[in-house]
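# turn this into a model:
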Amino acid sequence: MNERNPLNRQWFYSGFRKQLKEQIGPEKAALIWSEAGNEYSRILSEQPDLKAHKGSMVLPAVALYRALPAAGVDAEPLLNTYGDRMGKRFAGIVHGFTSLPGVSRFIWKHVDGIMNKMSSEALGYKRRIVSNPPEMYGVDILSCPYHELARDLGCEKAVLCICHMDKAYMKGFHHIRYERTTAVSEGAEYCDYRLRFDPSKD
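Next up, the predicted model:
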């Protein structure tokens, strides 16, 4: 394994290499990981400005999405399963933190500001607020920079793994109920984020 592979420094995808070894064997996994690293380096050499923000999450997914089919492996289910797994892992962390006394109520009190920072126009999002607390915080994400970058690189579905992670981890909040039924990465017009404060939710 080439330890200079730039994917080795992408913490979010480090577990995917282990998953590959378990599912398709170490030799084939090593070849795919190496080829994906080469693809990642090639993209960055052509567009070095993509390294920051959205690129740090999207480019490894795009590189893997290209390398897996070239080796005869269906990329989408593997990456989406990994996104689900990582999302559940993060959900446990989020649940533990928001279960501390007063934390979930503090987050809900500032939910509009938190969501504004997470999906701001400065980060490349376009959105529409549909409801404000206290009843519900609802926002439609009309355009997502992760999806747009993957689409521009010709691998629109590569970011589905990020969407799977997002949907899973957001369910970890103590006392805050989260729903999302649509996603632009799945062909919808918007991602419909809906959050409600619910003291009965563990």
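# look up phi and psi at the residue nearest to R105 when sequence neighbours are not counted.
Excluding its sequence neighbours, the residue lying closest to R105 (CB to CB, 6 or more residues apart in numbering) is H175, at 7.3 Å. Just so you know, the C-beta spots here come from the backbone N, C-alpha and C atoms, and that holds for glycine as well. Dihedral pair for H175: phi 70, psi 0, per degrees, to the nearest 10.
# H175 - how many residues pack around it?
18 (other CB atoms under 10 Å).
# please, where are all the helices along the chain?
14-24, 26-46, 54-70, 75-98, 103-109, 111-118, 145-152, 160-169 (DSSP state H).
# just checking, what packs against the fifth one?
Meaning helix 103-109. Applying 3 or more CB pairs under 8 Å, 6 or more residues apart in numbering; DSSP states H and E, one finds that helix 103-109 makes contact with helix 75-98, strand 176-179, strand 191-197.
# just the first one next, same as before
Counting contacts by 3+ CB pairs under 8 Å, 6+ apart, helix 14-24 is packed against helix 26-46, helix 75-98.
# M136: which of the ones you listed is closest?
helix 75-98 (17.9 Å; CB to CB).
# can I get the helices and strands packed on helix 14-24 in a markdown table including mean pLDDT, distance to C155 and mean neighbour count?
A markdown table is the format used below for the helices and strands packed on helix 14-24 (pLDDT from 0 to 100; distance: least, CB to CB, whole Å; neighbours: other CB atoms under 10 Å):
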| stretch | mean pLDDT | distance to C155 | mean neighbour count |
| --- | --- | --- | --- |
| helix 26-46 | 94 | 10 | 17 |
| helix 75-98 | 96 | 9 | 17 |
